[in-house]
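*Asks:* Coordinates only, no sequence provided:
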């Protein structure tokens, strides 16, 4: 069975995107060599990326641009070429390269996908998807890079969670740029 | 000049209190011996505690109770006996032991207090106070214990922040119970 992970950059106050989807704060400190190696290592693995509609539209509007290739060339190449899935009942089509549009019931579709052959799956952003799949017990790992900023408002990963989610910390790593990588497992 | 710090238990999604002020998740894992020593060490220092009205009422309704003495005896004794200040224009009186009620302009009052002789000051919870004093550049250190839970909703520390706050990570410490202590300095 394939694993399903959620990976995100978040602020100290728990947002993965500011108002209007701003994520510029997540690129600060990207010139830290050790952190760069960590990011490149993450991008080197094979994985299928999962999105909700809002995050999909944000990412599809950013990663194919010249600005993205300049700010984060390795990640941009990976994002544009890799396998992607967007879950939406309203989107007419998914035109970003190598993206599959899935319209069915979220939890049912993800259960099927976990049983298929293929690389591990990673949800980026997509707060409402994370909250629903977390509640359904379908997410195996939660990985977060906590950035040394606070925004005061934005989108949270767990909005709409029907009950408290308890996790087990399995790894932490601090970088000189002030970012911290944390990895949690779901508690069965 | 006295330092002003903000110390908080927060969830992975950035809340210092759940709906209805629930903080029971913050007491989980308190049987970890190394973590207990850390908590006792924090409580052993002399400091003046600062609160907004909402957090004050929550704390004043909890720490003097037998449940608090049982769950966290050392902290409870410290909370009840220590010097405390509550900022409120609406509160009629502050009856919790050793508490001063301050009604004046928040930033002005805190500037005066920082110039006075005395122990360092620590804001607990009190999201709107933290956001206002952060925006005024009056908080020196932000200390957080990140708990391995997500709530989906609750009160955030930085609600109402007028602009992004960038911080510098100066310390991190991971405990076996899955909690992480992070300490940040304001960037001048």
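*Replies:* Here it is on my side, so go on. Computed from a predicted model, the values in this text were never measured in an experiment.
*Asks:* Can you tell me the SS state at residue A:89?
*Replies:* State at residue A:89, reduced to three classes by DSSP: H, G, I helix; E, B strand; the rest coil: coil.
*Asks:* what sits opposite the residue nearest the centre of chain A in the beta ladder?
*Replies:* Residue closest to the average C-alpha location in chain A (Cα atoms, centre = their mean): residue A:124, at 1.5 Å. Beta-bridge pairing for residue A:124 (DSSP bridges): residue A:7.
*Asks:* try residue A:174
*Replies:* residue A:180.
*Asks:* Identify the residues contacting it.
*Replies:* Residue A:174 is in contact with A:180, B:169, B:172, counting by Cβ atoms under 8 Å, 6 or more residues apart in numbering or on different chains. The C-beta positions use only the backbone N, C-alpha and C, and glycine is treated the same way.
*Asks:* Helices of chain A, residue ranges please.
*Replies:* Assignment of helices within chain A using DSSP state H yields the ranges A:33-44, A:53-60, A:66-71, A:73-81, A:106-115, A:127-135.
*Asks:* Could you tell me the angle between the worst-scoring helix or strand of chain A on mean pLDDT and helix A:73-81?
*Replies:* Counting by mean pLDDT, DSSP states H and E, chain A has its least confident helix or strand at helix A:33-44, which shows a mean of 86. Helix A:33-44 runs at 20 degrees relative to helix A:73-81, counting by axes from the mean of the first three to the mean of the last three Cα atoms, to 10 degrees.
*Asks:* Which residues are in contact with residue A:42?
*Replies:* Counting by Cβ under 8 Å, 6+ apart, residue A:42 makes contact with residue A:7.
*Asks:* The one 5 residues further on now?
*Replies:* Contacts for residue A:47 were tallied using Cβ under 8 Å, 6+ apart; they are A:82, A:119, A:120, A:121, A:122.
*Asks:* So the fourth one is in contact with residue A:6, correct?
*Replies:* Put plainly, it is residue A:121. No: with contact defined as Cβ atoms under 8 Å, residue A:121 does not reach residue A:6; the gap is 9.7 Å.
*Asks:* Buried by neighbour count: which residues of the least confident helix or strand of chain A qualify?
*Replies:* Across helix A:33-44, burial judged by 16 or more other Cβ atoms under 10 Å in any protein chain shown covers A:35, A:36, A:38, A:42, A:43.
*Asks:* Stretch A:152-160 now?
*Replies:* Within stretch A:152-160, the residues that qualify as buried by neighbour count (16+ other Cβ under 10 Å) are A:152, A:154, A:155, A:156, A:157, A:158.
*Asks:* what bridges to the third one?
*Replies:* In this structure, residue A:155 has beta-bridge partners residue A:17, where bridges are defined by DSSP bridges.
*Asks:* now, the most widely separated pair of the contacts of residue A:47?
*Replies:* When those are compared pair by pair using Cβ to Cβ, the farthest-apart members prove to be A:82 and A:120, with a separation of 12.1 Å.
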